[in-house]
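[1] the amino acid sequence is not available; the structure is as follows:
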């Protein structure tokens, strides 16, 4: 099992190595085409260094990630518990890389987005355009249930089984 929540794929582009990041294990799409939305982003220099200056996020992946969050957050036990406790208002989804301090210590780059909550129920999702897919703290980290939902959606798109 991969200790990291991502994999680096090396692709030969006309004699030049290119590194892409994906959440899918290479075995899950062996012999199949990887859809563009399965690529989290590309390293500017194919050196395996994961840092903001060496990374270009893939808008198609971000679109998929946010659509999964919007559609499936209501089934996440932690988010529903927090929404119930909040009752009404705005519920932030803080990047897990912010650590145990969570919301209190998260900067704009670590706020993935917010949910509107009414009567304890999760409503509309608003992505944060300032969220950084990769920051000095590393690659984004969704709550485990939502991370798995994103991976499952990507697996469906490559014809694998979630």
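    Yep, it's here. Quantities reported herein were computed from a predicted structural model and do not represent experimental measurements.
[2] would you map the strands across the chain?
    For the chain, the strands defined by DSSP state E occupy 7-13, 16-22, 39-43, 55-57, 89-94, 111-118, 121-127, 134-135, 138-139.
[3] just send these back as JSON lines, with mean pLDDT and distance to residue 78 too.
    C-beta: built from backbone N, CA, C; applies to glycine. Putting those into JSON lines (pLDDT from 0 to 100; distance: least, C-beta to C-beta, whole Å) gives the following:
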{"stretch": "strand 7-13", "mean pLDDT": "92", "distance to residue 78": "26"}
{"stretch": "strand 16-22", "mean pLDDT": "95", "distance to residue 78": "25"}
{"stretch": "strand 39-43", "mean pLDDT": "97", "distance to residue 78": "23"}
{"stretch": "strand 55-57", "mean pLDDT": "97", "distance to residue 78": "25"}
{"stretch": "strand 89-94", "mean pLDDT": "95", "distance to residue 78": "10"}
{"stretch": "strand 111-118", "mean pLDDT": "96", "distance to residue 78": "12"}
{"stretch": "strand 121-127", "mean pLDDT": "97", "distance to residue 78": "11"}
{"stretch": "strand 134-135", "mean pLDDT": "92", "distance to residue 78": "22"}
{"stretch": "strand 138-139", "mean pLDDT": "89", "distance to residue 78": "20"}
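[4] the lowest-mean-pLDDT helix or strand in the chain pairs with which strands, and in what direction?
    Sorting the helices and strands of the chain by mean pLDDT, DSSP states H and E puts strand 138-139 at the bottom, at a mean of 89. Partner strands and pairing direction for strand 138-139 (DSSP bridges) are strand 134-135 (antiparallel).
[5] contacts only, for the residue lying closest to residue 66 once chain neighbours are set aside.
    What sits nearest to residue 66 in space, not counting adjacent residues and going by C-beta to C-beta, 6 or more residues apart in numbering, is residue 127, at 4.6 Å. By C-beta atoms under 8 Å, 6 or more residues apart in numbering, residue 127 lies in contact with 62, 66, 69, 112-113.
[6] hang on, isn't residue 68 packed against residue 150?
    Yes: proximity of residue 68 to residue 150 meets the contact threshold set by C-beta atoms under 8 Å, at 5.0 Å.
[7] which of the two has more neighbours?
    residue 150 (22 against 19; other C-beta atoms under 10 Å).
[8] for the more buried one, give me its contacts.
    23, 64-65, 68, 142.
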